[in-house]
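>>> Here is my input, please return the structure:
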Amino acid sequence: QLQLVESGGGLVRPGGSLRLTCAASGYSLAAYQIAWFRQAPGQEREGVASIERAAGGTKYARSVEGRFTIARDSTRNTVYLEMNSLKPEDTGVYYCAARDLPVRTLTPLSVLEYDDWGQGTRVTVSS
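So this is what the prediction gives:
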C-alpha cells in the first residue's frame, strides 16, 4: 500500500506563505493522481487542489485559485502545494491523497476518489 507523508505545516501570519510537501517511498508518485485536502475543526474534509498523473492537468478549489499551486518535483518524487497570500480561513490539517485507479475522474477534488492518505500536517494562519 502506498504510504504518503506530508510535511511543511506550521504557524504563519495572514498574507504569508508556506510550502507543503507530499512524499512517498518505494513508489513513483508520477504514476498517481494526487490531491491535497484540508479539514478545519468541526468541518468536513474538502479538496483544495489536484494534479493528474505524470504531466497531467491541475484543478483548484475556488477558494484557493490564484493563491495556491500544486506541482510535482520528479527529481525528489514529491508533490508540493505552494500556498501564498494565506488567510485565517486556510487554517486546518492538510492531507495529501493518491488515487490508485489510472483513470481520469470528473470529480478530482472529491474525497471519494482517493484511496491512500497521509497523516496530515497542520497549518495555522493567525496574527
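>>> When you work out contacts or count neighbours from here on, use the C-alpha atoms and nothing else.
Will do.
>>> Retrieve the pLDDT associated with the spatially most central residue of the chain.
Geometric centre of the chain, nearest residue: residue 36, 2.0 Å, by Cα atoms, centre = their mean. Here the pLDDT value assigned to residue 36 is 98.
>>> Please tell me how far it sits from residue 122.
Relative to residue 122, residue 36 is positioned 13 Å away (criterion: Cα to Cα, to the nearest Å).
>>> Residue 99 now?
22 Å.
>>> out of those two, which sits in the busier spot?
residue 99 (24 against 20; other Cα atoms under 10 Å).
>>> Wait, the more buried one touches residue 117, no?
No: assessed by Cα atoms under 8 Å, residue 99 is found out of contact with residue 117, at 9.3 Å.
>>> Quick one: the helices in this structure, in order.
Using DSSP state H, the chain contains no helices.
>>> where does it have low pLDDT?
Applying pLDDT under 70 to the chain flags residues 55.
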